[in-house]
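K.L.:
Build me a model from this:
(one chain, ligands or ions: 2)
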Amino acid sequence: MATQNSSLDNLRKGTYTLTVLGCGTMGTAVLAAILNSSFSPYPSKIICCTGSENSSLKLKQTYPNIEVSFGDSNLEAVAKADLIILGCKPFMCSQIMESIKSSLHDQLIISLLAGWTIKNLQTYSPYIARVMTNTPAKYGCGMAVVSLSDEAEQFNDLVLKLINPIGKAIKLPEKNMDAATSLVGSGPAFCLLMMESLIDGGVKMGLPFVAAKECAAKVMEGTAKMVLESGEHPASLKSAVCTPGGTTIGGLLVMEDKGVRSGIARGVEEAANIASKLGKK
Ligand SMILES: NC(=O)C1=CN([C@@H]2O[C@H](COP(=O)(O)OP(=O)(O)OC[C@H]3O[C@@H](n4cnc5c(N)ncnc54)[C@H](OP(=O)(O)O)[C@@H]3O)[C@@H](O)[C@H]2O)C=CC1
Ligand SMILES: O=C(O)[C@@H]1CCC=N1
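P.N.:
Ligands and ions are numbered 1, 2, ... in the order given. Below is the predicted model:
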């Protein structure tokens, strides 16, 4: 029992070790955001676990001050953890968690996984934060949706302090997680497809690729900023761009004829449906 309470006590005192179990694309994105920020209580120690020596070595090269481990050493890295950020692939979760189960002792687990519910994750600890974030987190301009188990609510502030450096975090009930997995998690890929299409159009009409890429990225960045800062409905901002009889309404109608709007919305729906089927143990 003494061991069981120690991680919770350390978290409450704000003196805690953070272990990132599975430190690939998303684990590294969240790690980079944390390392680029300062907040209190900051982890006293950070350890990153991977599945192979190769990726451990690459991590060590990028983050020389972080302890890294792989293979059997992950047992020790998890045993030392008071807080675990879980960043493995959903289909590997059961196997990885079973392999380090003997090192678990009621740590707080922040899961980045698609599909895995709080209830399923509670096989490993009662203290679960489910976080759905995305790759822009690495640059501090990510989005995150957060849900906590009842038992983890006491660590709400700590979880938000750890996740806020990725950009923006909001709390929502867990029933919204599959939709968030699609819109937030997969969202960058959807936006990148749109960006590629804008670039292709520009190149088709004669713009050099590099210029088209910069124009498309700045248009998307500027439009996103305008939506966030104006607080206005996107439809009203769109209407302001459409000169009667002009270029924009002409372009928009061709896009609508091609089903762009329902194509994108149905894509978001499909990704959310797939998310709901992941993580079934
Ligand atoms: N990619 C994305 O844009 C997003 C992903 N997610 C979620 O994030 C999670 C991670 O995805 P992603 O970062 O893309 O996946 P990656 O494959 O990039 O990362 C997985 C990590 O797990 C490590 N790993 C494998 N086996 C073990 C093991 N036995 N012990 C410890 N670590 C191990 C891998 O190490 P090694 O390289 O050595 O195999 C790697 O570091 C997924 O659950 C996904 O649903 C959520 C939102 C967005
Ligand atoms: O494609 C996936 O399944 C993961 C989850 C959200 C983004 N990438």
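
K.L.:
C-alpha from now on. contacts and neighbour counts both.
P.N.:
Fine.

K.L.:
List the residue ranges of the chain that fall below the pLDDT cut-off.
P.N.:
The chain contains residues with pLDDT under 70 at 1-5, 280-281.

K.L.:
Please enumerate the helices of it.
P.N.:
Under the criterion DSSP state H, the chain carries helices at the ranges 2-13, 25-35, 53-62, 73-80, 93-99, 118-121, 156-163, 177-180, 187-204, 209-230, 234-241, 247-257, 260-277.

K.L.:
Out of these, which one sits most buried?
P.N.:
Compared across the helices of the chain, helix 177-180 shows the largest average neighbour count, a mean of 24 (mean count of other Cα atoms under 10 Å).

K.L.:
Rebuild the helices of the chain as CSV, extending it with distance to residue 43.
P.N.:
Shown next, in CSV, are the helices of the chain (distance: least, Cα to Cα, whole Å):
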stretch, distance to residue 43
helix 2-13, 9
helix 25-35, 9
helix 53-62, 18
helix 73-80, 12
helix 93-99, 22
helix 118-121, 23
helix 156-163, 9
helix 177-180, 27
helix 187-204, 29
helix 209-230, 32
helix 234-241, 40
helix 247-257, 49
helix 260-277, 31
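
K.L.:
What residues does this protein have near ligand 1?
P.N.:
When proximity is defined as Cα under 6 Å from any ligand atom, the chain approaches ligand 1 at 21-27, 49-52, 55, 87-90, 96, 112-114, 132-135, 185.

K.L.:
Of these, which ones also sit close to ligand 2?
P.N.:
114, 185.

K.L.:
Looking at the residues of the chain next to ligand 1, which are in strands?
P.N.:
Of the positions in these, 21, 49, 50, 132 sit in strands, assigned by DSSP state E.

K.L.:
from what I can see the first one touches residue 89, true?
P.N.:
No - shown here, residue 21 and residue 89 do not form a contact pair, counting by Cα atoms under 8 Å, at 10.7 Å.

K.L.:
Please say which of those two ends up with more neighbours.
P.N.:
residue 21 (27 against 15; other Cα atoms under 10 Å).

K.L.:
mind checking how far the more buried one is from residue 6?
P.N.:
Look at residue 21 and residue 6: by Cα to Cα, to the nearest Å, they are 20 Å apart.

K.L.:
give me the number of residues near residue 37?
P.N.:
Neighbourhood size, residue 37 [other Cα under 10 Å]: 13.

K.L.:
again, but for residue 50
P.N.:
Neighbourhood size, residue 50 [other Cα under 10 Å]: 24.

K.L.:
hang on, isn't it packed against residue 23?
P.N.:
Yes - if you go by Cα under 8 Å, residue 50 and residue 23 touch, sitting 5.7 Å apart.

K.L.:
and this structure, which residues reach ligand 2?
P.N.:
Selection of the chain residues close to ligand 2 by Cα under 6 Å from any ligand atom yields 114, 181, 185, 186.

K.L.:
of all the ones in strands among the residues of the chain next to ligand 1, which comes closest to ligand 2?
P.N.:
Nearest to ligand 2 among those, counting by Cα to the nearest ligand atom, is residue 132 at 7.8 Å.

K.L.:
quick one: contacts for the closest one?
P.N.:
Going by Cα atoms under 8 Å, 6 or more residues apart in numbering, residue 132 touches 112, 113, 114, 144, 145, 146, 177, 180, 181, 184, 185.
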